[in-house]
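**Q** Fold the following and give me the result.
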Amino acid sequence: MLNNVLRRNAGSRSAGFLQPGPRGSTSRVPSDSLSCCVINAGAVFLSLTYILPICCLLIGGCQWTEEPFFRLNLEGRNPSDATPLALEEASSFLRELFGTPSNPKLPPGVALDRQRLERSAGEPVGSLTPQRTASIERGLYRRYCATCHGITGDGAGPAALVMDPYPRDFRRGVFVYTSTIAGAKPAREDLRRAIARGLPGSAMPGYSHLSSEEIDSLVEYVIYLSLRGEVELLLLQYLLDEDEPLPLSVIFKERFIAEDVAAIWAEWDLALNQPEKVVVTPMRADYPPDDATFRHSIKQGREIYLSDRAKCATCHGAEGAADGEQANDLYDDWNYVKRVPLQLRKSDRQIHFMLPLRRLRVRNLREDLFRGGADPKDIYKRIYVGLKGTPMAGVGPSGSVPGALSEEEIWHVVDFVLAISAGQKAIHTPFQ
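**A** Okay, the predicted model is just below:
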């Protein structure tokens, strides 16, 4: 089991041009992508001829003229290294396990809600009145999500290129804004909240107008796409990196489902069905409502913020203006892998990515704009657990492992962050 986990964590990255489409056909241009980047000798070549169509998509939504299919995740690879047989075997086995965008399936042992998956999958069926009172019977994901996140959930939908930050790529099972400890999957409520409230300061709007059941259906489908993406990464590692004999044997498939798929699902199952084991719940005693005590907390928070233990100023800057010494050379995990290693720059190998390299923009704390929520408890969780998939690690304790900061110290930093945000709102708003 440990080897399986190590393989998954080492997994390959994604995208790809030549790959099997529906019924084994070969497609060079994925049906839900805008364009692809070819990184060769450190150069990025990107077609921008679709900017006007993007604007139309954002206004009118996506319409697919052919049956969409899940694009194989060959990002970070040279597609010519993969044989047609290996690609076809991967596509075929993944269809056995997860079905298609219009007809999703679940591997044995995976306990997601099939009715909710069905409601989110496929072409949109139903209508919306100006008051948005009518219900969408099917196709929620394509109506509300695929334009940005793509049919495959790769974050490379038709509108993705013009967005900063890029839409989330679900396929690695990593989500930035969570309430769970390091290494844990997001809780269902984390995903629900992101869909309902959106992410301020990004292109992700909130969908609070949707019914509770519609939001829950979208959450289920996002988990499905993420689970499928993680399984796919591990399967491609077996086929393309470890030279698993082809065609795939029944013995391999049974073992893969029983061990690898089960291990990936176990991580999700823990966060979804036993959240009390991984979710951080901010707790704070009644906060004295006098300004003197609050100002003292802010002062302590500033000292901790500037300390070597917290390392906040390294990126956010001494005054929170996003001007720290490392602020201009940071990448999230989805972009860091696009930096071409020296040995590849010296060769003629071509590495493909769906979107060009983009630096991470450090949050300016003085702007009073917090994507994960501006409530003190939200900021507490960001500091405690960190932002998964980014250089911002959590500083809170995890189980028996002590953190860089105590819970009380984290609250002092929260007070300081809110105090320096625009409007100085925290100065006049003591909270619990």
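**Q** Please report how far the residue nearest to Phe256 when sequence neighbours are not counted lies from Thr83.
**A** Nearest residue to Phe256 in three dimensions, chain neighbours excluded: Leu235, at 7.1 Å (CB to CB, 6 or more residues apart in numbering). The way it works is simple: take the backbone N, C-alpha and C, and place the C-beta from them, glycine included. Distance, Leu235 to Thr83, by CB to CB, to the nearest Å: 15 Å.
**Q** coming back round to it: and the residue nearest to Phe256, what pLDDT?
**A** pLDDT recorded at Leu235 is 98.
**Q** Assign it to helix, strand or coil.
**A** helix (DSSP: H, G, I helix; E, B strand; the rest coil).
**Q** Distance check, it against Glu267.
**A** For Leu235, the distance to Glu267 equals 17 Å [CB to CB].
**Q** neighbour count winner among those two?
**A** Leu235 (26 against 18; other CB atoms under 10 Å).
**Q** Give me the distance between that one and Phe98.
**A** Distance from Leu235 to Phe98, by CB to CB: 11 Å.
**Q** what does Lys377 give?
**A** 36 Å.
**Q** tell me which residues in the host helix or strand of Val413 are buried?
**A** According to DSSP states H and E, Val413 maps onto helix 407-420. Residues of helix 407-420 classed as buried: Glu409, Ile410, Trp411, His412, Val413, Val414, Asp415, Phe416, Val417, Leu418, Ala419, Ile420 (neighbour count, 16 or more other CB atoms under 10 Å).
**Q** show me where this protein has strands.
**A** 19-20, 26-27, 37-40, 43-45, 125-126, 136-138, 351-353 (DSSP state E).
**Q** Any idea which of those strands has the lowest pLDDT on average?
**A** Ranked on mean pLDDT, the bottom entry among those is strand 43-45, at a mean of 35.
**Q** Helices of the stretch 201-350 of the chain, start to end?
**A** With DSSP state H, counting those that start in this stretch, the ranges of helices along the stretch 201-350 of the chain come out as 212-236, 250-255, 262-273, 291-305, 313-316, 333-336, 342-345.
**Q** Identify, out of these, the most deeply packed stretch.
**A** Most buried of the helices of the stretch 201-350 of the chain, by mean neighbour count (mean count of other CB atoms under 10 Å): helix 212-236, with a mean of 23.
**Q** when you compare where that one runs with where helix 262-273 runs, what's the angle?
**A** Here helix 212-236 points in a direction 160 degrees away from that of helix 262-273 (axes from the mean of the first three to the mean of the last three CA atoms, to 10 degrees).
**Q** helices or strands up against helix 212-236?
**A** Contacts defined by 3 or more CB pairs under 8 Å, 6 or more residues apart in numbering; DSSP states H and E place helix 212-236 against helix 2-9, helix 84-98, helix 114-120, helix 140-144, helix 188-197, helix 262-273.
**Q** before we move on, the earlier item: how about residues contacting the helix holding Val413?
**A** Helix 407-420 is contacted by residues 283-284, 294, 297-298, 300-302, 304-305, 310, 312, 319-320, 365-366, 376, 379-380, 383-384, 395-397, 405, 425-427, 429 when judged by CB atoms under 8 Å, 6 or more residues apart in numbering.
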